[in-house]
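> Let me see the structure of the following:
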Amino acid sequence: MQALFDFLPVVAFAVTYWVTKDMKIAIQVIMIAIAIQVALTWIIKREVSKMLLVSAALIFVLGGISLFLDNPIFFKWKPTGLYWLFAAVLLGSHFIGDRPLVKRMLLSMSAEDLPMPDEAWTKLNIAWTLFFVFAGSSNIYVAYNFPEAFWVNFKLFGLLALTLVFMIGQALWMHKQISAANADNTVEQTVSTDDEGN
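Next up is the predicted model:
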C-alpha cells in the first residue's frame, strides 16, 4: 500500500501528460501531487523521509526552472539527479560509517537476521551504486534521444521495470549468499560439537 502511495505523483504526472499532451500541465500536476504527498505523510506519520523530501525538492526546483524557461529538459533531469545522488551516497558509505548503507537499510527493514559476510555486503552496495548510475544515465539518454511521449512512458514503466529486474536479481543473489553462510555455520557448529565430544 505504501509503495502505491509513493508512486502516485508519478502516475498523476503520466496520466496528465497522456490526456493533455502538455508537459507544462503535467509538471504542474506532479508538483501539486508531491506537495500533497508530503503533507499527508506528515499528517499521518508526523515525519517525512529524507528520500521523499529530496525527491520533492528536485521536482520543485527542476520543475520550476522548466516552467520558467519553458524548457522541459530540466525537469527530465530529475530522475537522473535523484539516482546519481543515491549512487553518490551509497559510494560514500564505503568511506563514512562502519558499514555500507545498503546493509544498514536492509537490516533495518528485515525482521530476520541476514547473515552475509562483510565482503558480500560490500559487493551488494557497489551493485546498487552501479545500478543507480546506469538508471540515471539511461533516463537522460532517453530524454535527449527519444520523443517526449516515449520519455514519459520510460519514466513510468521503463525505470520501474529496470528497478524490479535488478531487485529480483539482488534477492536471488542474497538468497544464495545467505544459504552459503548458513551452511558454513552449520558445518562449524558440527565440527565444534564433535571436538567437544572428543
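> low-confidence ranges in this protein?
1-5, 110-114, 183-198 (pLDDT under 70).
> Going along the chain, name the helices of it.
Using DSSP state H, the helices of the chain run over 2-20, 23-45, 50-69, 73-76, 78-92, 101-109, 118-145, 148-153, 159-197.
> helices or strands up against the shortest one?
Using 3 or more Cβ pairs under 8 Å, 6 or more residues apart in numbering; DSSP states H and E as the contact criterion, the secondary-structure elements in contact with helix 73-76 are helix 50-69, helix 118-145. In short, each C-beta sits where N, CA and C put it, glycine included.
> Let me see the domain layout of this structure.
Using automatic domain parsing, the domain ranges for the chain come out as 1-76, 77-198.
> Columns mean neighbour count on top of these, output as a markdown table?
Converted to a markdown table, the domains of the chain look like this (neighbours: other Cβ atoms under 10 Å):
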| stretch | mean neighbour count |
| --- | --- |
| domain 1-76 | 15 |
| domain 77-198 | 15 |
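> Met116 - nearest residue in space that isn't next to it in sequence?
Gln177 (4.8 Å; Cβ to Cβ, 6 or more residues apart in numbering).
> what does Ala56 give?
Computed as Cβ to Cβ, 6+ apart, the closest residue to Ala56 that is not its neighbour in sequence is Ile34, at 4.7 Å.
> Test my guess that that neighbour contacts Pro9.
Yes - counting by Cβ atoms under 8 Å, Ile34 touches Pro9, with 4.6 Å between them.
> what is in contact with the two at once?
The contact sets of Ile34 and Pro9 overlap at Ile59 (Cβ atoms under 8 Å, 6 or more residues apart in numbering).
> how close does Leu53 get to Thr41?
Note on Leu53: its distance to Thr41, by Cβ to Cβ, to the nearest Å, is 10 Å.
> One more: Phe74?
26 Å.
> What is the end-to-end distance of stretch 18-25?
Stretch 18-25 has an end-to-end distance of 11 Å (Cα to Cα, to the nearest Å).
> hmm, who's touching that stretch?
Stretch 18-25 has contacts (Cβ under 8 Å, 6+ apart) with 16-17, 26, 66-67, 70, 72, 75, 148-149, 152.
> again, but for stretch 75-86
Here stretch 75-86 makes contact (Cβ under 8 Å, 6+ apart) with 23, 27, 54-55, 58-59, 62-63, 65-66, 128, 132-133, 135-137, 139-140, 143, 151, 155, 159.
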